[in-house]
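> Just to be clear, the model below is a prediction. Sequence and coordinates:
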Amino acid sequence: MLDRNQAFAKAQAYCTYQERSQQEVRDKLYEWGLHRNDVEDILADLISGNFLNEERFAVAFAGGKFRINGWGKNKIRHALHLKKVSPRCIETGLAKIDEDDYLTELKKDLSEKLNSASEKNPLKKKHKAAQYAIGKGFESGLVWDTITSLSE
């Protein structure tokens, strides 16, 4: 078990390595055997020292999941919610995703899916492509609007 100062130093290094949510750090501190009061004090110190910033985490997480994994906003929102990020920070993170890039990614995914589908029936082909994009977290209305525009 670590004492409070050792845990604080280790938590600083943990937060410096990559952006973390408050819940991730809280879980790690409990994993290291600290008690509730120490955990909350260390979190407060990390926040005041700018090692931990939930809004910055949400922006980095949302941008990374979109750029690297090609996730849509619904899937990113859900993942951030599971990490217990506040709704305000979630919306801030999602707002930082460039709309043009977002639409371009959706069109690229749908075009690839429509062109690679072995399905002969055009309605079934569109449905499968839509299911794929919605499964990646893109909004269903936007998916269907994009499919319609690609079909014209």
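Nice, I can see it. Numbers count the residues shown, from 1 in each chain.
> In the record's domain split, what are the boundaries for the protein?
As assigned by automatic domain parsing, the chain contains the domains 4-48, 54-95, 99-151.
> Any chance of those in JSON lines with mean pLDDT and mean neighbour count as columns?
For the C-beta atoms, the positions are set from N, CA and C on the backbone; glycine is no exception. Shown next, in JSON lines, are these (pLDDT from 0 to 100; neighbours: other C-beta atoms under 10 Å):
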{"stretch": "domain 4-48", "mean pLDDT": "93", "mean neighbour count": "16"}
{"stretch": "domain 54-95", "mean pLDDT": "96", "mean neighbour count": "18"}
{"stretch": "domain 99-151", "mean pLDDT": "92", "mean neighbour count": "15"}
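> Name the next helix or strand following the lengthiest helix in the chain along the chain.
For the chain, the helix with the greatest residue count under DSSP state H is helix 99-116. For helix 99-116, the following helix or strand on the C-terminal side (DSSP states H and E) is helix 122-135.
> so what does that following helix touch, helix or strand wise?
Applying 3 or more C-beta pairs under 8 Å, 6 or more residues apart in numbering; DSSP states H and E, we find helix 122-135 packed against helix 99-116, helix 140-151.
> which residues does Arg88 contact?
Contacts for Arg88 (C-beta atoms under 8 Å, 6 or more residues apart in numbering) come out as none.
> how much does the helix or strand hosting it deviate in direction from helix 99-116?
According to DSSP H and E, Arg88 maps onto helix 87-95. Between helix 87-95 and helix 99-116, the angle comes out at 70 degrees (axes from the mean of the first three to the mean of the last three C-alpha atoms, to 10 degrees).
> Output helix 87-95 as CSV, nothing but the C-alphas.
The C-alpha trace of helix 87-95 is given here as CSV (Å, rounded to 0.1, in the frame of the first residue of the first chain):
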residue,chain,number,x,y,z
PRO,A,87,-22.8,15.6,-19.9
ARG,A,88,-21.4,19.1,-20.3
CYS,A,89,-17.9,17.8,-21.0
ILE,A,90,-19.3,15.1,-23.3
GLU,A,91,-21.0,17.7,-25.4
THR,A,92,-17.9,19.9,-25.4
GLY,A,93,-15.8,17.0,-26.7
LEU,A,94,-18.3,16.1,-29.4
ALA,A,95,-18.6,19.7,-30.5
